Structures are given as structure tokens and as C-alpha cells.
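**Student:** All I have is the shape, not the residue letters:
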């Protein structure tokens, strides 16, 4: 799990760098299309982090809740579904 | 489960009607922007069906696999994650 | 333009076939993940039609409106932007 | 145009703050679903910047190219279409 956390943090730091790079591009009046290309790249990178976290969430939290049974399992599945819906729509 | 199947089929029939309506619009040379608006509506409707199916899949198949334990559970979780990724990217 | 219309219609007919195929899969109780894979394919196909129509719209309608000048050009650009936003969010 | 640049920069700085907030959440082991909710918010914010830039690009660059006519106009329209496609797919 620790390794995963480090990997997620490394990705988020890279995305922070991409967003700072975007600010520089806008300040230096870069060509709109180049800025848009970089925004698409940052969006895809954010999406990849989300999918990695969701994957880990299903493998650990949802799985544990189902293993333990009870109403908690229903709640976890409903919560994961809602998060997936937000992701698909964003 | 039967009720769910009927609801999904009703939604898919409505989407089929939307796609046929799109063909009529294109044949009658409707205004591009109106066609695009209808395509966005059909896309959102397809997305809603996908989220409903995914929800049912987590609640039934993934849950059962985890309840039964063993390597099948890992396979089901990995498969659900891959389907979510395809959905997020489509 | 006629050739474009035929190409768009052919794509829409294929999508209608995909949506009918989805109904058959659901009726025959196909595996959820396989249904989801087909929904992702149909969504991408709809998206491709939308991008083709938007492209034609920019090349013809928006361009003509700008060529003719006046307030119509502003309206067309605003309308295209709104359609792009709906597409990006759907 | 200057006002637009300031508005875009303000949005990008806010997004940078959101991405830094995400790193803190991950470091402090926040609940996955809360992290995912924040990622969806940052994604939507990036998308909004992209739509604002695209809008400005159509209103200024594409319009000017069409006003001046010639092959440059075709190139600008093709380039904008490609940027829209990347955005829709990201």
C-alpha cells in the first residue's frame, strides 16, 4: 500500500508541475492550441490517478467490507458506484 | 433482477429510437447544431445505461465472487476496473 | 456535402445496429462486462459522428457566417462553443 | 484579452491549489472516495479552462484567419477541430 501511495504522490506532483507549466504558457502568451494540448494531457493524467485510486479502493475497501458482510458492504458498493458515476461524467 | 433487465431494455429501445431520429434529422438536412444536441442526449443516455449495469455488476457478480473468495474474486475486481477505465475513457 | 451525409448516415445505421445488438445481449442475459464493452464501443462511435458533424459545421456554417460578417458571425461562434461544451461534458 | 488572461491564470492557480490539496489528502491517508471527489472537481475545473480557451480561440484566431482568407483559414479550422477531438476524448 505504501508503494501505491508513493506512486500516486509522484503522479500528483507531476500534474502540479503540468498545471504550473500551463500558467507559464498563459503568462508568456503561448499559442492557444498548444495550451489546449497541455490541458488535455493534464486531464488524462488526473484521470489515470483517479482510475488507480478507484482500483485500489475496490481491491481493498470494498472487498474488505464485503468480506465482513452486513449493511456496511451495501453502503461501500453504493458509494463506489456514485464515485464512478462522478468520474464518468467529469 | 428481472425488473432491472426490463428497465435496461426499455432504455436501450429509447436509445435506438433516438439513433433512428438522428438518421431522419440527417436525411432531412436538419441544422448541424440540433443534430449535435441530440447526439449529446443519446450519449448521455448510453452512459446512464452503462452506469446502471456497472452498478448491478458490482452489487451482484463482484460481490458474489468476493463472498465465495479465491482467485475468482481478484479476477472479477480486475475485470470491473478495466470496464470502468474503458467507460471513463469513452 | 452529399458524400458526407451518406457517410454520417452509414455510421448512424451501424450505431443503430449496435444498440439493437445490445438489446439482444441483454435479452439473452449476456455477461455484464461484455455488454459494457459494447456500450463503450457505441459511445465512441456516437462521439466520432459528433466530431465529424462539428468539423463540417466549422468548415461550412461558421466559416460562411464569418465570411458574411455582421452579428450572425458572433451568434454562430457562440452556438458552436455551446455545442462543443455539451459534447465535452457528455 | 488581458482580462481573459487574468481570469484563466486565476483559474489555473486555483487548480494548482486543488492538486496540492490532493497531495496533502493522499499524504494524510484521506478516504479514497473523498480523494476521488476532489479529483473529479479538479478535472471539471481543467475542462472549464479548456472550454474558455477554445471559445476565445474560435472568436479571435479562427475568426481572424477566416477574415483574412486563404489557406491559413483551412489550417486554423482543421487545427481547432483536432483540439476539440483531443478534448472530447480526454
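**Tutor:** Arrived safely. Keep in mind the model is a prediction, meaning the values are calculated, not measured.
**Student:** Tell me where chain A is predicted with low confidence.
**Tutor:** Regions of chain A meeting the criterion pLDDT under 70 cover residues A:1-3.
**Student:** show me what contacts residue A:46?
**Tutor:** For residue A:46, the contact set (Cβ atoms under 8 Å, 6 or more residues apart in numbering or on different chains) comprises A:15, D:39, D:42-43, D:46. All C-beta atoms are positioned from the backbone trio N, CA, C, and that covers glycine.
**Student:** now do 6 Å
**Tutor:** A:15, D:39, D:42-43 (Cβ atoms under 6 Å, 6 or more residues apart in numbering or on different chains).
**Student:** And the residues you listed, which is closest to chain C?
**Tutor:** Of all the contacts of residue A:46, chain C sits closest to residue D:43, with 11.2 Å by Cβ to the nearest Cβ.
**Student:** What is the burial count for that closest one?
**Tutor:** Other residues near residue D:43 number 24, with proximity taken as other Cβ atoms under 10 Å in any protein chain shown.
**Student:** and if you look at the one 5 residues further on?
**Tutor:** Residue crowding around residue D:48 was assessed by other Cβ under 10 Å; the count is 15.
**Student:** and if you look at residue A:35?
**Tutor:** Residues lying near residue A:35 (other Cβ under 10 Å) number 23.
**Student:** Let me know the helix or strand that it is in.
**Tutor:** Assigned by DSSP states H and E, residue A:35 belongs to helix A:32-57.
**Student:** do the same with residue A:17
**Tutor:** helix A:2-27.
**Student:** And the residue of chain A closest to chain C?
**Tutor:** Residue nearest to chain C within chain A: residue A:89 (7.6 Å; Cβ to the nearest Cβ).
**Student:** Could I get the phi/psi values of that residue?
**Tutor:** When read as degrees, to the nearest 10, the backbone of residue A:89 gives phi -80, psi -10.
**Student:** How about the residues of chain A by chain D?
**Tutor:** Proximity of chain A to chain D (Cβ under 6 Å from any Cβ of the partner chain) is limited to residues A:8-9, A:12, A:15-16, A:19, A:22-23, A:26, A:32-33, A:35-36, A:39-40, A:42-44, A:46, A:50, A:53, A:57, A:79, A:83, A:86-87, A:90.
**Student:** quick one, phi/psi of residue A:29?
**Tutor:** Main-chain dihedrals, residue A:29, degrees, to the nearest 10: phi 60, psi 40.
**Student:** okay, now it: neighbour count?
**Tutor:** By other Cβ under 10 Å, neighbour count at residue A:29 equals 10.
**Student:** With residue A:45 instead?
**Tutor:** Neighbourhood size, residue A:45 [other Cβ under 10 Å]: 18.
**Student:** excluding its backbone neighbours, what's nearest residue A:65?
**Tutor:** Using Cβ to Cβ, 6 or more residues apart in numbering or on different chains and skipping the chain neighbours, the partner closest in space to residue A:65 is residue A:76 (3.9 Å).
**Student:** Against residue D:31, how distant is the one you found?
**Tutor:** 11 Å (Cβ to Cβ, to the nearest Å).
**Student:** between these two, which one's more packed in?
**Tutor:** In this view residue A:76 and residue D:31 are compared by other Cβ under 10 Å, and residue A:76 has more residues nearby, 21 against 12.
**Student:** so where does that one fall, helix or strand?
**Tutor:** Take DSSP H and E as the rule and residue A:76 turns out to sit in helix A:71-89.
**Student:** residues touching residue A:36, list them.
**Tutor:** D:50, D:53, D:83.
**Student:** Give me the distance between the second one and chain A.
**Tutor:** The gap separating residue D:53 from chain A is 5 Å, by Cβ to the nearest Cβ, to the nearest Å.
**Student:** In this structure that residue contacts residue A:33, no?
**Tutor:** No. Contact between residue D:53 and residue A:33 fails when scored by Cβ atoms under 6 Å: they sit 9.0 Å apart.
**Student:** Tell me which of these two has more neighbours.
**Tutor:** Neighbour totals were compared for residue D:53 and residue A:33, and residue D:53 leads with 21 against 18 (other Cβ under 10 Å).
**Student:** neighbours around the closest residue to the more buried one other than its chain neighbours, how many?
**Tutor:** Residue nearest to residue D:53 in three dimensions, not counting chain neighbours: residue A:32, with 5.4 Å by Cβ to Cβ, 6+ apart. By other Cβ under 10 Å, the residues close to residue A:32 number 22.
**Student:** From chain B, how far out is residue A:32?
**Tutor:** For residue A:32, the distance to chain B - Cβ to the nearest Cβ - is 22 Å.
**Student:** Mind giving me the packing neighbours of the host helix or strand of residue A:66?
**Tutor:** Element membership for residue A:66, per DSSP H and E: helix A:63-68. Counting contacts by 3 or more Cβ pairs under 6 Å, 6 or more residues apart in numbering or on different chains; DSSP states H and E, helix A:63-68 packs against helix A:71-89, helix B:63-68.
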